[in-house]
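Peer 1: 3D model of this:
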Amino acid sequence: MSEHDTAPSAALRELREVIDALLGPDGCPWDQAQTPQSLCDYLVEEAFELIDGIRRNDSAEAMEELGDVFFILLFIAALYERSGSFTLADSLRHSTAKMIRRHPHVFADKTFGSIQELWDNWERTKRRENEGTNRKRVFDSLPAGLPPLLKAYRINAKAARNSFTWKSDKDVETQLRAEWDEWIQAMTNKDAEAAEREFGDYLFTLVELGRRKGIKANAALDFANQKFLRRFAAMEELAEGRGLNFSELDLEAMNALWEEVKTGE
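Peer 2: Here you go, the predicted model:
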């Protein structure tokens, strides 16, 4: 690789110059009309595209989408800087100081006997940082717009870091069975509202059991979704290759194709 290829600071300057040109007097009318608020949805979209590339182990797509995320982030930073609110340097230095503060075992002489002690210190540090702000309570910093499955994981993780969780995995498994029984009872009673609530309780508890086993429910479900879509597409290709109309196949025939696809993986 050339020196140019391995110089991220120079590449960031070049991207910032592009943004400055887009926002300049002879720039793009669409870009000039944007605000940090209007760019939020684009940031979410680009982040999901980056996640998709990462989870599919597609390094080429991850490289491209990572650049797109940086573009939106730098774009937002430029808009805030132009409004006089803060600069990108302000934001980066704030984050640097925060990470140093929250990692005294790396940047100071603090030692921890376990990961739990490390998390306890992390939470104490966050509470000190939030003194005098509107983020005084444990879940005040939890983004309201997180997708529900991801939010359930974060809620359980934060609760556990503050010692509010089941004592053992066995206790969670017992609670999970109880939630299942309550859902089945609601279904038996044909109480749709109660069934929905109990199903939510079951999912919430299942997310916590997964978290304790090192499984992130949102990522696990995404992998399951992708696996199903991949297998279903392969079923359709098999049917097409055999001159069959997939939509006219009965369930038995579809299951046979499904098993054939699974066996061939």
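Peer 1: the strands in the stretch 51-200 of the chain, which residues?
Peer 2: Taking DSSP state E, counting those that start in this stretch, the stretch 51-200 of the chain contains no strands at all.
Peer 1: Tell me where it has helices.
Peer 2: With DSSP state H, counting those that start in this stretch, the ranges of helices along the stretch 51-200 of the chain come out as 59-83, 88-102, 104-107, 115-129, 148-161, 169-188, 192-212.
Peer 1: which non-adjacent residue is nearest Phe246?
Peer 2: Closest residue to Phe246 apart from its sequence neighbours, by C-beta to C-beta, 6 or more residues apart in numbering: Ala239 at 4.2 Å. Bear in mind the C-beta positions are built from the backbone N, C-alpha and C, glycine included.
Peer 1: Sketch out the low-pLDDT regions of the stretch 51-200 of the chain for me.
Peer 2: Filtered on pLDDT under 70, the stretch 51-200 of the chain yields no residues whatsoever.
Peer 1: Geometric centre of this structure: which residue is closest?
Peer 2: Leu150 (6.5 Å; C-alpha atoms, centre = their mean).
Peer 1: list the contacts for His94?
Peer 2: Applying C-beta atoms under 8 Å, 6 or more residues apart in numbering to His94 gives no contacts.
Peer 1: quick one: it from Arg127, how far?
Peer 2: 18 Å (C-beta to C-beta, to the nearest Å).
Peer 1: hey, C-alpha coordinates of stretch 71-85 in CSV?
Peer 2: This file holds the C-alpha atoms of stretch 71-85, laid out as CSV (Å, rounded to 0.1, in the frame of the first residue of the first chain):
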residue,chain,number,x,y,z
PHE,A,71,-19.5,10.8,5.6
ILE,A,72,-22.8,11.3,7.4
LEU,A,73,-21.1,11.8,10.8
LEU,A,74,-18.7,14.4,9.3
PHE,A,75,-21.6,16.0,7.6
ILE,A,76,-23.5,16.4,10.9
ALA,A,77,-20.4,17.6,12.6
ALA,A,78,-19.9,20.3,9.9
LEU,A,79,-23.4,21.5,10.3
TYR,A,80,-23.0,21.8,14.1
GLU,A,81,-19.7,23.6,13.6
ARG,A,82,-21.3,26.1,11.1
SER,A,83,-24.0,26.8,13.6
GLY,A,84,-21.5,27.6,16.3
SER,A,85,-22.6,24.8,18.6
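Peer 1: buried sites along it?
Peer 2: Residues Phe71, Ile72, Leu73, Leu74, Phe75, Ile76, Ala77, Ala78, Leu79, Tyr80 are the ones in stretch 71-85 that count as buried (16 or more other C-beta atoms under 10 Å).
Peer 1: so the last one makes contact with Pro36?
Peer 2: It stands for Tyr80. Yes - in this structure, Tyr80 is within contact of Pro36 by C-beta atoms under 8 Å, at 6.3 Å.
Peer 1: what's around Ser114, how many residues?
Peer 2: Using other C-beta atoms under 10 Å, Ser114 has 8 other residues around it.
Peer 1: What of the one 4 residues further on?
Peer 2: Burial of Leu118 is recorded as 17 neighbouring residues (other C-beta under 10 Å).
Peer 1: Relative to Thr133, how far out is it?
Peer 2: Taken as C-beta to C-beta, the span from Leu118 to Thr133 is 24 Å.
Peer 1: quick one: the residue nearest to Asp31 when sequence neighbours are not counted and Val172, what's the gap?
Peer 2: Spatial nearest neighbour of Asp31, chain neighbours left out: Leu22 (4.1 Å); criterion: C-beta to C-beta, 6+ apart. According to C-beta to C-beta, Leu22 and Val172 sit 51 Å apart.
Peer 1: One more: Ala178?
Peer 2: From Ala178 over to Val172 (counting by C-beta to C-beta), the distance is 11 Å.
Peer 1: Name the residue in those two with the higher neighbour count.
Peer 2: Ranked by neighbour count (other C-beta under 10 Å), Ala178 and Val172 place Val172 first, with 21 against 13.
Peer 1: give me the number of residues near the residue nearest to Ala62 when sequence neighbours are not counted?
Peer 2: Distances taken as C-beta to C-beta, 6+ apart place Gly53 nearest to Ala62, at 4.0 Å, with adjacent residues excluded. Residues near Gly53, counting by other C-beta under 10 Å, number 18.
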